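K.L.:
Need the 3D shape of this:
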Amino acid sequence: MSGVAVRNAQRLGLHRDGLVLGLPPYEVELRRRLWWAVIFMDVRAAELSGAGVASVAEHRWDTKRPSNINDLDFDPAMKTMPVDRQGATDMTFVLMRCAVGEFLKGQKQIIPFGGSWETLASGNAPGVGKNLHIDQLEGQLEGDFLRYCDPLNPIHTLAAITARGIITKMRIVASNPRQFIERGEEVPQAQRDFLFSNSLKILEYNNLGRKLPSLLRFHWHNKQYIQWHAIVFLLSELRYRLEGPEVEKAWEELNLIFEGHPEIIENRSNTLHRAIIHLYKRAWRARENRSSSRIASPQNRPRVVQMIFASDPTIAKAKPAIASQTKGSQPSHEFSPTLPGASLDVDESFTDLTSLSSESSPFDHLRIDWTDWDAIMREFGA
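P.N.:
Sure thing, here's the model as predicted:
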């Protein structure tokens, strides 16, 4: 259906800016708003289908972003284009997303982002360069939008939460551990700590969007964007991080995510969901087995944990950890990415993702095959 919308938009000429076509100001503004809405939908459809890139080539459209105005600032009788306001308007949320889209699209002229999240995760561009440009985008969003947001305005609150979540996600993607794995290096502890803290932060943003009563009307939007990379990294690390304030906070936020997305627990036919539940169970068992906290005992399992362990008896028992890998050895490659819709055995396919030796330092034998994980994430459009 998104493909039909894109083609109809092109037939209407929405991919060309209305000023170039000599159209009246009111129609120019409406066409800009509609085209960018179609682009957002097309990009999301590309992500969900595993294509990764939008179907409309960026050099084939020149429609400018909408004006920074309120709805009352323009009407069909207007003779000139409206003047952009300084500060937050009815269009703040939309324009913030436009700025992020233009940033991703334009970065391939500077560093090889290629205009997509996938290439942002690659090791082709230096981490320092990627983080520098992410810092610049963060400054742009703060200066152009966020500093003007009114916390009493729900759409402004949603814009602020979304913007900060996007920046945090960029930092996580840009610091993907596979960059170290591809060089045959262990992921430094400082990098793990950075990823853990930012993964936790992005789940906090996500849950905040669900908890605020003023954002109840926008739950449909929040539900579309599950932060799979943050979830899988936290679950992988929580097999070894057993105690401490950040650990307790991570479990709290993760459980809120699962409460807000019961389909992850209930939809047993979805391979990605089954894989996530598998990781969750292994992490929670480690918490129960090696944590001194009474909260982690089976008798005191939170409701969502009880639901997860009761969700699918066929994967309730974790596969024994592989102890044959030693520090410096290469991870095995039992996992073979399948075509979309193919059957995938969770216990066999995620051996590399979760296996370790329990006899030594928890990070010595941690083998997360991030290249394979990226493959399955792309397969399921996560």
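K.L.:
rest of the way, CA atoms for contacts and neighbours
P.N.:
Will do.
K.L.:
in the stretch 151-300 of the chain, which spans are helices?
P.N.:
154-174, 178-182, 189-211, 219-224, 228-237, 245-260, 263-266, 271-290 (DSSP state H, counting those that start in this stretch).
K.L.:
Just send the ones you listed back as TSV, with mean pLDDT too.
P.N.:
Listed next are the helices of the stretch 151-300 of the chain as TSV, based on pLDDT from 0 to 100:
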stretch	mean pLDDT
helix 154-174	90
helix 178-182	68
helix 189-211	92
helix 219-224	83
helix 228-237	88
helix 245-260	94
helix 263-266	88
helix 271-290	87
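K.L.:
Turn those into a markdown table, columns for mean neighbour count and distance to residue 135.
P.N.:
A markdown table is the format used below for the helices of the stretch 151-300 of the chain (neighbours: other CA atoms under 10 Å; distance: least, CA to CA, whole Å):
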| stretch | mean neighbour count | distance to residue 135 |
| --- | --- | --- |
| helix 154-174 | 21 | 8 |
| helix 178-182 | 18 | 20 |
| helix 189-211 | 19 | 15 |
| helix 219-224 | 12 | 24 |
| helix 228-237 | 21 | 20 |
| helix 245-260 | 17 | 25 |
| helix 263-266 | 17 | 33 |
| helix 271-290 | 20 | 31 |
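K.L.:
could I get those helices as CSV with distance to residue 81?
P.N.:
Shown next, in CSV, are the helices of the stretch 151-300 of the chain (distance: least, CA to CA, whole Å):
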stretch, distance to residue 81
helix 154-174, 24
helix 178-182, 48
helix 189-211, 35
helix 219-224, 31
helix 228-237, 42
helix 245-260, 43
helix 263-266, 46
helix 271-290, 48
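K.L.:
So what touches stretch 19-35?
P.N.:
9, 14-15, 17-18, 63-67, 74-82 (CA atoms under 8 Å, 6 or more residues apart in numbering).
K.L.:
what about 10 Å?
P.N.:
5-6, 9-10, 12-18, 37-38, 41, 61-67, 74-82, 91, 94-95 (CA atoms under 10 Å, 6 or more residues apart in numbering).
K.L.:
One more: stretch 141-159?
P.N.:
86-97, 99-100, 135-140, 160-165, 167, 205, 208-209, 212-218, 221-222.
K.L.:
Just the buried residues of the helix or strand hosting residue 100, please?
P.N.:
Element membership of residue 100 [criterion: DSSP states H and E] is helix 92-106. Using 16 or more other CA atoms under 10 Å as the test for burial, helix 92-106 gives 92-101, 103-104, 106.
K.L.:
what is the rounded mean pLDDT of stretch 102-122?
P.N.:
The average pLDDT within stretch 102-122 is 56.
K.L.:
ok so, going back, narrow the contacts of stretch 19-35 to just the buried residues.
P.N.:
Counted by 16+ other CA under 10 Å, these give 6, 9, 13-18, 38, 41, 63-67, 74, 82, 91, 94-95 as buried.
K.L.:
Which of those fall in helices?
P.N.:
6, 9, 38, 41, 94, 95 (DSSP state H).
K.L.:
Could you count how many residues lie near residue 152?
P.N.:
Residue 152 has 9 neighbours, counted by other CA atoms under 10 Å.
K.L.:
Next, find the distance separating it from residue 258.
P.N.:
Residue 152 sits at a distance of 28 Å from residue 258 (criterion: CA to CA, to the nearest Å).
K.L.:
now residue 170
P.N.:
For residue 170, the distance to residue 258 - CA to CA - is 23 Å.
K.L.:
ok so, going back, now the buried residues of helix 92-106 in JSON lines, with distance to residue 230?
P.N.:
Compiled in JSON lines, these are given as follows (distance: CA to CA, whole Å):
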{"residue": "92", "distance to residue 230": "26"}
{"residue": "93", "distance to residue 230": "23"}
{"residue": "94", "distance to residue 230": "25"}
{"residue": "95", "distance to residue 230": "26"}
{"residue": "96", "distance to residue 230": "22"}
{"residue": "97", "distance to residue 230": "21"}
{"residue": "98", "distance to residue 230": "24"}
{"residue": "99", "distance to residue 230": "23"}
{"residue": "100", "distance to residue 230": "20"}
{"residue": "101", "distance to residue 230": "21"}
{"residue": "103", "distance to residue 230": "22"}
{"residue": "104", "distance to residue 230": "20"}
{"residue": "106", "distance to residue 230": "25"}
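K.L.:
Find the nearest non-adjacent residue to residue 81, please.
P.N.:
Once flanking residues are discounted, residue 81 sits nearest to residue 25: 5.0 Å by CA to CA, 6 or more residues apart in numbering.
K.L.:
Residue 170 too?
P.N.:
That would be residue 134: by CA to CA, 6+ apart, it lies 7.2 Å from residue 170.
K.L.:
Same check on residue 201?
P.N.:
That would be residue 168: by CA to CA, 6+ apart, it lies 7.5 Å from residue 201.
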